[in-house]
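Asker: what's the 3D shape of this:
(2 chains)
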Amino acid sequence: MKLKTYKSAQAAAAFLVAMSIASGIIVGQYFIPAALLVAATLILLLLRKRVTEPVADERDIATMGKAAALTIRGYSWIAVVVMLLLYANRAENPAFEPVAMTLAYSTALLMILYSFLFKYYNRFKWTDHKWAFILTTALLVLVVLVMGMRFLSGEDGWICRDGQWVAHGHPETAKPQGACPAGRGI
Amino acid sequence: MKNRIKEFRLLRALTQEELAKAVGVRRETIIYLEQGKYSPSLELAASVSKKLKVGIEDLFEL
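Answerer: Numbers count the residues shown, from 1 in each chain, chains lettered A, B, ... in the order given. Predicted structure coming up:
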């Protein structure tokens, strides 16, 4: 198979998966997009093996490495700043907290995964790459701090019970004014 | 890094595509190599010099 044909198949698969995800969200059906995503990935992996030309050579891999490192650094900085802003202002809107937590955990996971994969492929000694070590340690500390804030706070908030807002622990925010649907909590 | 890849490639009557295929890279990489915009790995440099039947020290210079 020619590289051009493979690239066309890749573009077609991306288009189909994107369309199925979009329509899945609209109609509330998520199984088909998930199945299609897995199928497309497997088909592309099989097709890639049939490509006779190099799909990516050493220059591409070097470029990808630089781009990936910059992307991870950029995303991490933005995510951490946004996470701190959202977490600091969680009293204004309770929806800020889960978004901040998602950003924190996704960033931590991304950086830890990157660091460990870097270590695996590079097979280096920790002492020879002190910045990777410092970064990993700092991120692990961040995870511990965030988790600590979450758990030591006692998960204080307002819980909806029998149509009434009931204080759970010592909430920092005032009792919500609106009616509470069953099973909802802040 | 300066090199004489283009000179030796033309001497061997090879196209960029043929050289790329022979050493297992994309044609763009050969273009960047010839322009001196990409420093190859030792493995690629050795493959190119072998294909062009010229010593690696004659092909590349700092």
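Asker: For the most centrally placed residue in chain A, which non-adjacent residue is spatially closest?
Answerer: Centroid-nearest residue in chain A: residue A:106, 3.8 Å away (criterion: CA atoms, centre = their mean). Excluding the flanking residues, the one nearest residue A:106 by CB to CB, 6 or more residues apart in numbering or on different chains is residue A:79, at 7.0 Å. Just so you know, the C-beta spots here come from the backbone N, C-alpha and C atoms, and that holds for glycine as well.
Asker: residue contacts, the one you found?
Answerer: A:103, A:104, A:106, A:107 (CB atoms under 8 Å, 6 or more residues apart in numbering or on different chains).
Asker: Among the residues you listed, show me the least confident.
Answerer: In terms of pLDDT, the lowest of the contacts of residue A:79 is residue A:106, showing 86.
Asker: Please read off the pLDDT at the residue of chain A most remote from its centre from the model.
Answerer: Taking CA atoms, centre = their mean, the residue of chain A most remote from its mean C-alpha position is residue A:162, at 35.2 Å. Note on residue A:162: pLDDT of 76.
Asker: what sits against residue A:89?
Answerer: residue A:96.
Asker: Phi, psi for it please.
Answerer: Residue A:89 adopts backbone torsions of phi -110, psi 20, taken as degrees, to the nearest 10.
Asker: can you give me the strands in chain B?
Answerer: In chain B, the strands defined using DSSP state E lie at B:2-3, B:60-61.
Asker: Minimum distance to chain A: which of those strands has it?
Answerer: Nearest of these to chain A, taken as CB to the nearest CB: strand B:2-3 at 14.5 Å.
Asker: Can you give the strand pairings for that closest one, parallel or anti for each?
Answerer: Partners of strand B:2-3 in the sheet, by DSSP bridges, are strand B:60-61 (antiparallel).
Asker: average pLDDT across the partner strand?
Answerer: Per-residue pLDDT values over strand B:60-61 give a mean of 87.
Asker: could you dump the strands of chain B to CSV with mean neighbour count?
Answerer: Listed next are the strands of chain B as CSV, based on neighbours: other CB atoms under 10 Å in any protein chain shown:
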stretch, mean neighbour count
strand B:2-3, 14
strand B:60-61, 14
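Asker: got TSV for those, with distance to residue B:20 too?
Answerer: Formatted as TSV, the strands of chain B follow (distance: least, CB to CB, whole Å):
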stretch	distance to residue B:20
strand B:2-3	15
strand B:60-61	18
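Asker: quick one, helices of chain A?
Answerer: A:3-27, A:31-50, A:58-88, A:96-122, A:130-152 (DSSP state H).
Asker: Tell me how far residue A:68 lies from residue A:13.
Answerer: In this view, residue A:68 and residue A:13 are 22 Å apart by CB to CB, to the nearest Å.
Asker: ChimeraX command to pick out the buried ones of the contacts of residue A:79?
Answerer: In ChimeraX syntax, the buried subset of these is picked out as below (16 or more other CB atoms under 10 Å in any protein chain shown):
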select /A:103,104,107
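Asker: I appreciate the help and will end here.
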